[in-house]
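[1] Curious how this folds, go ahead:
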Amino acid sequence: MAAPEAPRQYVPLTCHGHSRPVPHISFSPLEKDDAYYLISACKDGNPMLRDGQTGDWIGTFIGHKGAVWQARLSPDAATAATASADFTAKIWDTHTGELLFTLQHDHIVRAVAYPPDNSDLVATGGMEKRLRIFDLTEMKPKSIAESAANGGTAEPATVPPTIPASSAFEIGAGIHTASIKFIVWTRDPNTLITASDNTLRWFDLPTRSVIKQEVLDGEIGSCEFCALAPDYTSPTDVGKGLPVLAVAAGKSIYFWGGPQAMEELKRRKMDYKVASVALDPKGRKIIVGEDNPATWARVYRWDDDAEIDVHKGHHGPVWSVAFSPDGKLYATGSEDGTIKMWKNCEGFYGLWRGGAGAGTEKNAE
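    Below you'll find the predicted structure:
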């Protein structure tokens, strides 16, 4: 009988810069020349944009007055949406770092999401227990310098508009009984999923009604789509090339597939409380972040549930795990205020220059 293959260790890249816990990280879709980006939410109120392959800092979005719970990049990566404890969600220009819109709410905003192929819509949710959709095409900045023409100013200044929540479309009014922590827009643009307390709900947008509901094993800690860029997908992947919904709740992890993420693919009870989970559909690998007081991320094979690695680099629970759009690395965001990037392929990649089985750590400032 052959000895089991030893796990191949790579030294992670550690991204510093945040001063408080990192509750959420996410990657952009694959851009031209196979480039992509990583955005991080942080309780320090300063979400950061980084190069997705290297973790190198690109910029910080300045303007929130409270913890930022979630951050996502639009399908075209031209804008970013952030959800904050300051009762706002904000939309940013990723090229200039400028604030484009403030979406004013009446309580803490915990969740934001874009559709898979539309950068002009954004959904929000949070402590108000309301799911809203904003159409950004109807919200243009207004000039505050109409008189500047008389003063000879070539370019009139603009103030980013503040959009009241009442201008959004509300979906499923009165249905949520607890804070909305995550929103996922499925491959079908008419189907949207929310995570609230211990319950997942699938909404049909045309009718604004719930079409499926699942009560899970405890409060939901993470709820994210795991999807590779189209050029990297295959019918032999987990989920047959479609995005897979990965959910961590209580002591269990769950996975759903299909165009609306309604087909249950797998569920597994763990012997510890889970904080986060993500799936590599091509490599058939699961990453699970442990909840308090543990600080490890565990790696399992999809097919037989065998544990194949343990990542011990963080000094606090791992609240968020995300795979890059090419599947060649994944990132973990932690209570310790750092992001770590872990290589998920053979040979040279990004800042890993040592080839198979070796790695070089670089601290991104």
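[2] What residues does Thr79 make contact with?
    73, 91-94, 100, 119 (C-beta atoms under 8 Å, 6 or more residues apart in numbering). In this view, the C-beta of every residue, glycine as well, is placed from N, C-alpha and C.
[3] Show me the shaky parts of the stretch 51-200 of the chain.
    Within the stretch 51-200 of the chain, the ranges that satisfy pLDDT under 70 run 140-158.
[4] hang on, Pro23 packs against Gln70?
    Yes. Pro23 lies in contact with Gln70 (C-beta atoms under 8 Å); the separation is 7.3 Å.
[5] Which one of those two is surrounded by more residues?
    Gln70 (28 against 24; other C-beta atoms under 10 Å).
[6] In which helix or strand does that one reside?
    In the assignment (DSSP states H and E), Gln70 maps to strand 68-73.
[7] May I have that strand as CSV, with CA atoms only?
    Output in CSV follows, covering the C-alpha atoms of strand 68-73 (Å, rounded to 0.1, in the frame of the first residue of the first chain):
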residue,chain,number,x,y,z
VAL,A,68,-16.3,48.1,7.1
TRP,A,69,-17.9,44.6,7.2
GLN,A,70,-17.8,43.6,3.6
ALA,A,71,-16.2,44.7,0.3
ARG,A,72,-16.6,43.5,-3.3
LEU,A,73,-15.4,44.5,-6.7
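[8] Now do whatever helix or strand comes next after that strand against strand 68-73: the angle between them, please.
    Next helix or strand after strand 68-73 toward the C-terminus (DSSP H and E): strand 79-84. Orientation check (axes from the mean of the first three to the mean of the last three C-alpha atoms, to 10 degrees): strand 79-84 against strand 68-73 gives 170 degrees.
[9] How far off centre is strand 79-84?
    Put simply, strand 79-84 sits 11 Å off its chain's centre (C-alpha atoms, centre = their mean, to the nearest Å).
[10] Mind listing the strands it pairs with, and their directions?
    strand 68-73 (antiparallel), strand 88-93 (antiparallel) (DSSP bridges).
[11] My read is that Arg72 contacts Ala81, right?
    Yes. Using C-beta under 8 Å, Arg72 is in contact with Ala81, at 5.3 Å.
[12] neighbour count winner among the two?
    The neighbour comparison of Arg72 against Ala81 (other C-beta under 10 Å) goes to Ala81, with 29 against 24.
[13] could you list every residue that touches the more buried one?
    By C-beta under 8 Å, 6+ apart, the neighbours of Ala81 are 71-72, 74, 89-92, 112-114, 122.
[14] what does Arg301 give?
    Here Arg301 is in contact with 284-286, 308 (C-beta under 8 Å, 6+ apart).
[15] Narrow those to those that are buried.
    285-286, 308 (16 or more other C-beta atoms under 10 Å).
[16] Now secondary structure too, for the residues you listed, in a markdown table please.
    Putting the buried ones among the contacts of Arg301 into a markdown table (DSSP: H, G, I helix; E, B strand; the rest coil) gives the following:
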| residue | secondary structure |
| --- | --- |
| Lys285 | strand |
| Ile286 | strand |
| Ile308 | strand |
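[17] Looking at the residues you listed, which is nearest Cys223?
    Of all the buried ones among the contacts of Arg301, Ile286 has the smallest distance to Cys223: 15.0 Å, by C-beta to C-beta.
[18] Contacts only, for Phe255.
    238, 244-247, 264-267, 279.
[19] That one belongs to a strand, doesn't it?
    Yes. Judged by three-state DSSP, Phe255 forms part of a strand.
[20] Now do stretch 333-340, average pLDDT.
    Mean pLDDT, stretch 333-340: 95.
[21] if we can go back for a sec, okay, and the common contacts of Pro23 and Gln70?
    Ala41.
[22] Just the buried ones from the contacts of Phe255, in ChimeraX syntax?
    Only the buried entries of the contacts of Phe255 go into this ChimeraX selection, using 16+ other C-beta under 10 Å:
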select :238,244,245,246,247,265,266,279
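[23] Show me the two of the contacts of Phe255 that sit farthest apart.
    Val238 and Val247 (14.6 Å).
[24] What's the end-to-end length of stretch 38-45?
    This stretch, stretch 38-45, spans 17 Å end to end (C-alpha to C-alpha, to the nearest Å).
[25] ok, Gly97 touching Trp57?
    No. Counting by C-beta under 8 Å, Gly97 stays clear of Trp57, with 12.0 Å between them.
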